[in-house]
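>>> Take a look and give me a structure for this.
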Amino acid sequence: MAHHALASQESYNPNHLLDILLGKMQLKNDAALSRMLEVAPPVISKIRHHRLPVGASLLIRMHEVTGMSIRDLRDLMGDRRTKYRLSDAQGRPKPEEKAAQQAAAAQQQQGQQQSETATSTGSSSGNYAH
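Numbers count the residues shown, from 1 in each chain. Take a look at the predicted model:
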C-alpha cells in the first residue's frame, strides 16, 4: 500500500476532517459527502484509508461548501505544515530538454559569430553603389 508523504506526519488524520464535515453539513455518510463536494465516492474512501491525500482542489471545494477557512480545514486534518515546498525536480527541464536547449544556444552563438565574421570581412562601401 502506497502512502503519501503527508501521511508520515504523526498528527495527520483526514478522517477527523471528514467526520467534522459530515457533522457540520448534517450528512449521513461518505456518499452524501462526496455528492456535496462533487467528487467520486472512491475519492473519500481513498482519503479515509490514507491512500490519497486531501489535495488542494478538494480543500478549496471544502472551503467553498462549508465557509470554513483553509487554515481551519488543514488544522482539522492535522496538517501542521506552515510552508509547502516543491520538490527539487519540479520546474527543472528534463535532461533531454536541457541538452536540446544547450545545443540550440550553441547553434545560435555559432550563427552570430559567422554573421559577425562576414560583416567584418566585407568592403566598407557595403551594398551601396557609388
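
>>> tell me which helix or strand of this protein sits lowest on mean pLDDT?
One helix or strand of the chain scores below all others by mean pLDDT, DSSP states H and E: helix 95-121, with a mean of 72.

>>> Just the strands from this protein, written as ranges.
Using DSSP state E, no strands are assigned anywhere in the chain.

>>> Low-confidence regions, it specifically.
For the chain, the stretches with pLDDT under 70 are 1-10, 82-95, 115-130.

>>> In the least confident helix or strand of the chain, which of the residues would be classed as buried?
Within helix 95-121, no residue counts as buried by 16 or more other CB atoms under 10 Å. Every C-beta, even on glycine, is put in place using the N, C-alpha and C of the backbone.

>>> Check stretch 46-65 too.
Ile47, His50, Leu52, Pro53, Val54, Leu58, Leu59, Met62.

>>> Now do the phi/psi pair for the second one.
Read that as His50. phi 60, psi 30 (degrees, to the nearest 10).

>>> Let me know whether it touches Leu18 as I believe.
No. Applying CB atoms under 8 Å as the test, His50 and Leu18 come out as separate, 12.0 Å apart.

>>> Between these two, which contacts overlap?
Overlap of the contact sets of His50 and Leu18 (by CB atoms under 8 Å, 6 or more residues apart in numbering) is empty.

>>> Please name the residues that touch the closest residue to Lys24 other than its chain neighbours.
Counting by CB to CB, 6 or more residues apart in numbering, Lys24 lies nearest to Thr66, which is 5.9 Å off, once chain neighbours are set aside. Contact analysis of Thr66 by CB under 8 Å, 6+ apart lists Leu21, Lys24, Met25, Leu73.

>>> now do 10 Å
Thr66 is in contact with Ile20, Leu21, Lys24, Met25, Met36, Leu37, Asp72, Leu73, counting by CB atoms under 10 Å, 6 or more residues apart in numbering.

>>> Same question for Leu33.
Leu18, Asp19, Leu21, Leu22, Met25, Leu27, Val39, Pro41, Ile44, Met62, Val65.

>>> Could you rerun that using 7 Å?
Leu18, Leu21, Leu22, Leu27, Ile44 (CB atoms under 7 Å, 6 or more residues apart in numbering).
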